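[1] I need the structure of the sequence given here:
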Amino acid sequence: MSTESATKPAFELPFNGEALVSYLDKLGEQQKKIGTAVKAGYERSQRISTQLIEALITGQQEFIDLTKKVVQKPQDYSNNLKAVVDASTVAQGRALDLAKALYREQADVASELGKTFKTTCQSTALTEASRNIVNFWIKPR
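    Below is the predicted model of the structure:
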């Protein structure tokens, strides 16, 4: 067996492997950024879901309490009406707080995803690496 066949690889790539490795490194970096943004979105949705569930549970309990109060003294129209108005005001405040939280989270996620995808798509390093790999594929040898 000759030393030449032992050192020469059985298969050679038709392009510079370093350019492909560089491209894949940059692609991996951008993928991590996108993954981080997606994870942040997931965490955001958990916060929104938690707040929504807490608002629902609180609202149901307050409705039960209000119903008990009205049932105990059904003829006390004045106090029952006041209790209904007070409960409605509290429920509206809770709904407004939830709407504000949804709006803030939506605005934050839109801003963060916009920045992430903009930097990913316009990354000079990724663009340079991708140009290098494309040049190896289309350049005449």
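
[2] Please count neighbours and contacts with C-alpha atoms only from this point.
    Will do.

[3] For the chain, which residues score under the pLDDT cut-off?
    1-16, 117-141 (pLDDT under 70).

[4] the helices in it, which residues?
    Here the chain has its helices, by DSSP state H, at 3-7, 17-72, 77-121, 124-138.

[5] Would you format these as a markdown table with mean neighbour count included?
    Below are those laid out as a markdown table (neighbours: other CA atoms under 10 Å):
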| stretch | mean neighbour count |
| --- | --- |
| helix 3-7 | 8 |
| helix 17-72 | 15 |
| helix 77-121 | 14 |
| helix 124-138 | 16 |
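
[6] Nearest residue to the middle of the chain?
    residue 41 (1.6 Å; CA atoms, centre = their mean).

[7] Could I get the contacting residues of residue 98?
    Contacts of residue 98 were listed using CA atoms under 8 Å, 6 or more residues apart in numbering, and they are 51, 52, 55.

[8] So the residue nearest to the centre of the chain sits against residue 109, correct?
    Yes: counting by CA atoms under 8 Å, residue 109 is a contact partner of residue 41 at 6.5 Å.

[9] picking that back up, now the contacts of residue 98 as CSV including distance to residue 116?
    Shown next, in CSV, are the contacts of residue 98 (distance: CA to CA, whole Å):
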residue, distance to residue 116
51, 26
52, 28
55, 32
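
[10] Closest one of these to residue 32?
    Nearest to residue 32 out of these is residue 51 (CA to CA; 28.7 Å).

[11] which residues does that closest one contact?
    If you count contacts by CA under 8 Å, 6+ apart, then residue 51 has residue 98 around it.

[12] For residue 40, see how far away it is.
    17 Å (CA to CA, to the nearest Å).

[13] Residue 111 now?
    For residue 111 relative to residue 40 (CA to CA), the value is 12 Å.

[14] same deal with residue 66?
    39 Å.

[15] now swap in residue 96 and tell me
    Using CA to CA, one gets 24 Å for the distance from residue 96 to residue 40.
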